[in-house]
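Asks: what follows is a predicted protein model with its sequence.
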Amino acid sequence: MKLSGSYQINLEKQKVWKALNDPEILKKSIPGCEDFKKDSETEFTATATNKIGPFNASFTGNIELKEINAPNSYVIEGSGNSPVGFASGEAKVKLEDFEGGTKLIYEVEANVGGKIAQVGSRLIAYHEVGHALVGTLVKDHDPVQKVTVIPRGQAKGLTWFSPDDDQMLVSRAQLKARIMGALGGRAAEDIVFGREEVTTGAGGDIQQVASMARQMVTKFGMSDLGPVALEGDSQEVFLGRDLMTRNDISDAISRQIDEKVREMVKQVKLYFSF
């Protein structure tokens, strides 16, 4: 797993550097950290407990500061073990002067193994099964063609559907079925793992749902706003009015569009428990 980002801090670089080397600050930066001991100027021992899927994993491990270039950068390396697995990682931290303060830039790479490493694969599998089950059970949905949990590009898993090649038109029932299918992955996560354990894996699905529902309202006349085209083909598909869209509908109509889109998705969502 890789993460990167930056923060702007309204303090001079030297003060930020001092804080980054303060054991109490380092302890607060580790989620679930219960104990943090300084073994030397560059070495520490930490114990942290976090919930990972169904597991409450308690890790005890070593942290070391390397490649120190005060007050500009260093590398934090850590590794730890738990009864349910192990974890290791490296974080590259860089400080830069920025608009009277300091910009902190980080790049993190982390790895896990053992039982906790299987949690992600299991969740992905249930997510894709959710899509496939809805696609199979809902009458008007396109047939399921293939399901995989092998990562492809940014996707950790994929479910393919095969609409009729000869199909030229799509009915309202079919579009609603496709919305249900897109929500099937999130529904499976919620049912199996619980509401607090649902993930960002459904992000693309939710965008697809918003796109289909909005087109049903604004392009295909499939809501009680009537059979009128409220947006052109070149418009972006988002809830509310976007700065890049054509400014030829009133605020009142724009609000009605948003309401109808939400209402349409809500009606479909009622089939699930999340």
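Replies: Thanks, I have it. Numbers count the residues shown, from 1 in each chain.
Asks: and V228, that's in a helix?
Replies: No. Using DSSP: H, G, I helix; E, B strand; the rest coil, the assignment for V228 is coil, not a helix.
Asks: surely it is in contact with M222?
Replies: No. Counting by CB atoms under 8 Å, V228 does not reach M222; the two are 11.1 Å apart. Any C-beta I mention is one placed from the backbone N, CA and C, and that applies to glycine too.
Asks: more neighbours, those two?
Replies: Neighbours were counted for V228 and for M222 using other CB atoms under 10 Å; M222 has more, 18 against 10.
Asks: quick one: residues contacting that one.
Replies: R172, L175, M216 (CB atoms under 8 Å, 6 or more residues apart in numbering).
Asks: R186: what secondary structure?
Replies: helix.
Asks: use 26 as the first number for this chain going forward.
Replies: Sure thing, new numbering starts at 26, so read that last one as R211.
Asks: which pLDDT value belongs to the nearest residue to it once chain neighbours are set aside?
Replies: Leaving aside its chain neighbours, R211 sits nearest to A227 (3.9 Å; criterion: CB to CB, 6 or more residues apart in numbering). With respect to pLDDT, A227 scores 86.
Asks: do a quick rundown of the helices in the stretch 26-175 of the chain.
Replies: Using DSSP state H, counting those that start in this stretch, the helices of the stretch 26-175 of the chain run over 38-45, 48-53, 140-162.
Asks: rebuild those helices as JSON lines, extending it with mean pLDDT and distance to D64.
Replies: Output for the helices of the stretch 26-175 of the chain, formatted as JSON lines (pLDDT from 0 to 100; distance: least, CB to CB, whole Å):
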{"stretch": "helix 38-45", "mean pLDDT": "91", "distance to D64": "17"}
{"stretch": "helix 48-53", "mean pLDDT": "86", "distance to D64": "10"}
{"stretch": "helix 140-162", "mean pLDDT": "82", "distance to D64": "26"}
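Asks: for G125, which of those helices is the nearest?
Replies: helix 38-45 (11.0 Å; CB to CB).
Asks: from the chain's centroid, how far away is the closest one?
Replies: Between the centre of helix 38-45 and the centre of its chain there are 31 Å (CA atoms, centre = their mean, to the nearest Å).
Asks: mind giving me the domain split of the protein?
Replies: When the chain is parsed with automatic domain parsing, its domains come out as 27-138, 142-294.
Asks: coming back round to it: so who does the residue nearest to R211 touch?
Replies: H152, L208, G210, R211, E214.
Asks: kindly report the same for D64.
Replies: The contact partners of D64, taken as CB under 8 Å, 6+ apart, are T70.
Asks: specify the local secondary structure of D230.
Replies: helix.
Asks: ok, the closest residue to K181 other than its chain neighbours - contacts?
Replies: Closest residue to K181 apart from its sequence neighbours, by CB to CB, 6+ apart: I149 at 4.8 Å. If you count contacts by CB under 8 Å, 6+ apart, I149 has them with V174, K181, G182, G226.
Asks: show me which of those is closest to E284.
Replies: Out of the contacts of I149, the member with the shortest distance to E284 (by CB to CB) is G226, at 27.9 Å.
Asks: now that closest one: closest residue in space that isn't a chain neighbour?
Replies: H152 is the one closest to G226 (CB to CB, 6+ apart), at 5.5 Å.
Asks: my guess is the one you found contacts D215, does it?
Replies: No. Taking contacts as CB under 8 Å, H152 lies outside contact range of D215: 10.4 Å.
Asks: who's more crowded, those two?
Replies: In this view H152 and D215 are compared by other CB under 10 Å, and H152 has more residues nearby, 27 against 18.
Asks: do you know how far that one is from V174?
Replies: Computed as CB to CB, to the nearest Å, the H152 to V174 distance reads 9 Å.
Asks: what is in contact with those two at once?
Replies: Here H152 and V174 share the contacting residues G182, scored by CB under 8 Å, 6+ apart.
Asks: OK, contacts around the residue nearest to G226?
Replies: Here H152 is in contact with G182, G210, R211, A213, E214, T224, G226, A227 (CB under 8 Å, 6+ apart).
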